[in-house]
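Enquirer: Show me the folded form of this:
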Amino acid sequence: MYPSAPPAPRRDFISVTLSLDQSYDGSKSRQRRSCWRKWKQLSRLQRNAVLFLLAFLVLCGLLSCISVADQWKAPNDRSAEEEKMRPAKPPVLPAPRKADANPENAPGPLGQTPRRRFWWRPPNLQIRAPNKDSENRRQDATESRDEAADEAPREADPQGARASWRGAVIEPEVGTKLPWRRAVAPTGIQKHPAPPNSRQKAVVDAFRHAWLGYRKFAWGHDELRPVSQSFSEWFGLGLTLIDSLDTMWILGLKKEFGEARRWVSKKLQFQKDVDVNLFESTIRLLGGLLSAYHLSGDALFLQKAEDLGNRLLPAFRTPSKVPYSDVNLGTGVARPPRWTSDSTVAEVTSIQLEFRELSRLTGATKFREAVEEVTKHVHSLSGKKDGLVPMFINVHSGLFTHRGVFTLGARADSYYEYLLKQWIQGGKTDQRLLDDYLEAVDGIRKHLLRRSEPSKLTFVGELAHGRFSAKMDHLVCFLPGTLALGAHHGLPAEHMQLARALMETCYQMNRQMETGLSPEIVHFNLQPQKSQKDVLVKPADRHNLLRPETVESLFYLYRFTGDRKYQDWGWAILQNFNTYTRVPSGGYSSISNVQDPHDPQPRDKMESFFLGETLKYLYLLFSDDPALLSLDAYVFNTEAHPLPIWGPA
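Expert: Down below sits the predicted model:
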């Protein structure tokens with residue numbers, strides 16, 4: 001037997017033998033079978049990996065082809081038609097014009113320690129600003145990207161519509177659509193303001209410091225809490241930012257104005273389920289937007305103002321046409337305070353300047369008609385005392401309540417101010433307003449004016465059911481400026497004499513305090529031998545809220561008399577603000593005790609009116625140029641927002 005053949009050796013590869021003499025078709029068929037056997041011998045994982053790799057290579061090839069095609073397309077190959085379709089970049093601060101129709105800004109469904117002036121405000125939401133450092137970094141990055149877009153258009157204005165920045169004013173349009181009064185551009189507008197002097201520069205420094213704190217710790221919120229480096233909300237509408245817009249323009253703070261404008265454009269929305277106070281939102285928000293529009297010529301601010309005005313109108317839907325104190329901007333539901341059906345007289349009679357101007361600019365008479373209905377109603381009411389009005393009015397009956405109590409302080413003060421200023425705003429044509437104002441001044445002299453002991457300071461007290469009280473709010477210090485303004489516009493010269501005497505008293509209310517800052521309320525001594533001081537302060541009244549009334553009147557008195565002592569008095573007050581209320585990290589704080597220079601007790605609150613009014617009036621006070629916001633061209637609302645004086649009918 002032959003031995004068996006040895007086993008064939010094991011092979012780890014596949015042998016493929018090709019014969020050259022075979023036909024092409026047969027060779028290809030065997031090759032396909034061999035490749036298929038090889039593919040079948042691969043594991044499932046190996047087959048999936050190969051398929052994924054092939055798919056990836058195909059995708060890369062497609063993307064490469066697209067990229068090459070784009071590179072070959074020249075950027076200038078766009079057709080003329082395509083170029084026409086590309087929107088041009090609009091200027092950030094355009095010349096004055098009527099607001100364009102913009103669905104984004106179209107109005108939706110209608111539905112604090114106050115500046116002027118009533119005793120209630122909704123509770124603050126004391127929220128600490130979250131993650132401030134990262135928020136500031138994000139904000140800085142956004143602003144650095146946007147700044148070129150905001151700055152460039154202001155440099156190239158082919159028609160020269162915008163004047164130089166500091167104190168520059170854009171003339172209101174001649175021929176604004178106005179069915180009920182002809183709009184006339186004011187005169188005496190300064191086109192090339194003088195450089196700021198050293199005292200004005202100190203005001204700019206104070207504003208920058210206050211703005212620094214707001215920007216770092218409260219950006220976009222209502223109010224800064226400078227001590228705790230946080231913020232509080234009242235309406236949640238950026239109250240301090242809007243209140244400060246025209247101050248930044250007047251002070252020439254171009255960068256700050258630009259960043260605030262961007263916030264208004266991108267963040268300010270009034271379609272919110274929030275109750276706002278009609279009076280405060282009118283004088284601060286509506287007044288601030290209208291003034292910013294007039295000074296900058298930027299239609300954005302007018303669009304926002306009209307939106308807000310429409311959302312405030314439901315407050316006037318009452319049986320008497322006297323508005324409710326509060327209205328919800330989102331739902332249009334209006335209501336009085338929860339504990340009463342009364343509004344204060346100052347609330348309902350100190351919104352006319354703003355709503356009338358909104359009508360003048362938009363041509364919509366509904367704003368003017370709503371507020372002038374209130375003016376006519378209050379004019380016809382009984383219960384006045386020689387032109388003096390009670391503090392409260394019922395929105396259902398339309399009658400005065402709490403009769404027999406008369407004051408020029410909180411709850412009534414700006415009623416008298418707006419009688420005069422409406423008369424001036426309207427071109428001095430409404431005799432009813434003038435008569436009411438003149439009667440009221442006579443009533444003040446007859447019933448509320450007294451002189452203190454021992455220095456014989458002239459002051460304005462209060463009357464309660466025939467009994468005189470020597471109490472005077474710091475708020476009453478608006479009166480010297482208002483009297484001086486009336487005298488400047490042709491009212492009796494004795495008004496200016498009274499203004500000078502009251503101005504001295506308001507300055508002494510500051511000077512006789514250990515910090516040089518006025519308390520919220522003082523009582524005057526009327527007994528010759530009882531005290532060596534004219535000004536007495538109760539412990540509950542020793543706080544200072546950074547209010548503007550004294551420096552407001554100093555501005556008017558200096559502007560009309562040229563007496564530099566008024567500038568010096570204002571300079572002393574500014575230095576005292578810096579000494580006792582300036583917070584090192586940024587911002588200024590109201591204080592609780594003006595009689596303790598060693599511990600004035602910061603209250604951790606910077607009201608919006610400190611930037612909107614106090615610093616603005618100080619800057620104007622220190623200017624020697626009467627053309628800087630001429631008082632023959634502009635009238636200031638009760639929140640220091642300048643609005644143009646109209647021409648005669």
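Enquirer: Low-confidence stretches in the stretch 451-600 of the chain?
Expert: Scanning the stretch 451-600 of the chain for pLDDT under 70 picks out no residues.
Enquirer: Tell me what S230 is bridged to.
Expert: Judged by DSSP bridges, the bridge partners of S230 are R225.
Enquirer: Am I right that it is in contact with A218?
Expert: Yes: if you go by Cβ atoms under 8 Å, S230 and A218 touch, sitting 7.3 Å apart. Where C-beta positions appear, they are placed from N, C-alpha and C, glycine not excepted.
Enquirer: Of the two, which one has the most company?
Expert: A218 (27 against 18; other Cβ atoms under 10 Å).
Enquirer: which element is the residue most central in space within the chain on?
Expert: Residue closest to the mean C-alpha point of the chain, counted by Cα atoms, centre = their mean, is I242 at 1.3 Å. Assessed by DSSP states H and E, I242 sits inside helix 239-243.
Enquirer: Ok, R450 next?
Expert: According to DSSP H and E, R450 maps onto strand 449-451.
Enquirer: after that strand comes which helix or strand?
Expert: Assigned by DSSP H and E, the successor of strand 449-451 is strand 458-460.
Enquirer: helices or strands next to that next one in the packing?
Expert: Here strand 458-460 touches strand 449-451, helix 493-511, going by 3 or more Cβ pairs under 8 Å, 6 or more residues apart in numbering; DSSP states H and E.
Enquirer: Given whichever helix or strand comes after it, what are its sheet partners and their directions?
Expert: Remark: after strand 458-460, the chain's next helix or strand is strand 462-464, criterion DSSP H and E. Take DSSP bridges as the rule and strand 462-464 pairs in its sheet with strand 405-406 (antiparallel), strand 467-469 (antiparallel).
Enquirer: Any buried residues in strand 462-464, and which?
Expert: Residues of strand 462-464 classed as buried by neighbour count (16 or more other Cβ atoms under 10 Å): 462-463.
Enquirer: Run the chain-centre distance for it.
Expert: Once both centres are worked out by Cα atoms, centre = their mean, to the nearest Å, strand 462-464 turns out to sit 35 Å from its chain's centre.
Enquirer: send the alpha carbons of stretch 451-464 over as PDB?
Expert: Provided in PDB are the C-alpha atoms of stretch 451-464 (Å, rounded to 0.1, in the frame of the first residue of the first chain):
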ATOM      1  CA  ARG A 451     -42.000 134.500  57.900                       C
ATOM      2  CA  SER A 452     -39.900 132.500  60.400                       C
ATOM      3  CA  GLU A 453     -38.000 133.600  63.500                       C
ATOM      4  CA  PRO A 454     -35.400 134.900  64.100                       C
ATOM      5  CA  SER A 455     -34.100 135.400  60.500                       C
ATOM      6  CA  LYS A 456     -37.500 136.300  58.900                       C
ATOM      7  CA  LEU A 457     -37.300 133.600  56.200                       C
ATOM      8  CA  THR A 458     -40.300 133.600  53.900                       C
ATOM      9  CA  PHE A 459     -41.800 130.100  53.600                       C
ATOM     10  CA  VAL A 460     -44.900 128.300  52.400                       C
ATOM     11  CA  GLY A 461     -46.800 126.300  55.000                       C
ATOM     12  CA  GLU A 462     -50.000 124.200  55.000                       C
ATOM     13  CA  LEU A 463     -53.600 124.800  55.900                       C
ATOM     14  CA  ALA A 464     -55.900 122.200  57.400                       C
END
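Enquirer: Show residues contacting it.
Expert: Stretch 451-464 has contacts (Cβ atoms under 8 Å, 6 or more residues apart in numbering) with 385, 388, 404-409, 444, 447-450, 468-472, 476, 479, 498, 501-502, 504-505, 508, 524-528, 530-532, 534-535.
Enquirer: Please settle this for me: is S232 part of a strand?
Expert: Yes: judged by DSSP: H, G, I helix; E, B strand; the rest coil, S232 forms part of a strand.
Enquirer: highest average neighbour count across the strands paired with strand 462-464?
Expert: The highest mean neighbour count among those, using mean count of other Cβ atoms under 10 Å, belongs to strand 405-406: a mean of 20.
Enquirer: continuing past it, what's the next helix or strand?
Expert: Defined by DSSP H and E, the subsequent element after strand 405-406 is helix 413-425.
Enquirer: Strands of the stretch 151-300 of the chain, start to end?
Expert: 223-225, 230-233, 275-277 (DSSP state E, counting those that start in this stretch).
Enquirer: Pull out the CA atoms of the longest one and give them to me as PDB.
Expert: Same thing as strand 230-233. Extracted in PDB, the C-alpha atoms of strand 230-233 (Å, rounded to 0.1, in the frame of the first residue of the first chain):
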ATOM      1  CA  SER A 230     -27.700  95.400  43.100                       C
ATOM      2  CA  PHE A 231     -30.900  96.800  41.800                       C
ATOM      3  CA  SER A 232     -34.600  97.100  42.500                       C
ATOM      4  CA  GLU A 233     -37.600  97.100  40.200                       C
END
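Enquirer: Give me the neighbour count for the closest residue to E369 other than its chain neighbours.
Expert: Distances taken as Cβ to Cβ, 6 or more residues apart in numbering put S359 closest to E369, at 7.9 Å, once the chain neighbours are dropped. By other Cβ under 10 Å, 22 other residues sit near S359.
Enquirer: Off-centre distance for the one helix or strand S359 maps to?
Expert: Using DSSP H and E, S359 maps to helix 352-362. With Cα atoms, centre = their mean as the basis, helix 352-362 stands 17 Å off its chain's centre.
Enquirer: Which strands or helices does that helix pack on?
Expert: When contacts are defined as 3+ Cβ pairs under 8 Å, 6+ apart, helix 352-362 packs onto helix 287-296, helix 299-312, helix 365-380, helix 413-425, strand 642-644.
Enquirer: Most tightly packed of these?
Expert: helix 287-296 (a mean of 28).
Enquirer: Now do that one: everything it contacts.
Expert: Applying Cβ under 8 Å, 6+ apart, the contact partners of helix 287-296 are 93, 96, 168-170, 172, 242-246, 249-250, 257, 261, 298-299, 301-302, 304-305, 308, 353-354, 357-358, 361, 612, 637, 639, 641-644.
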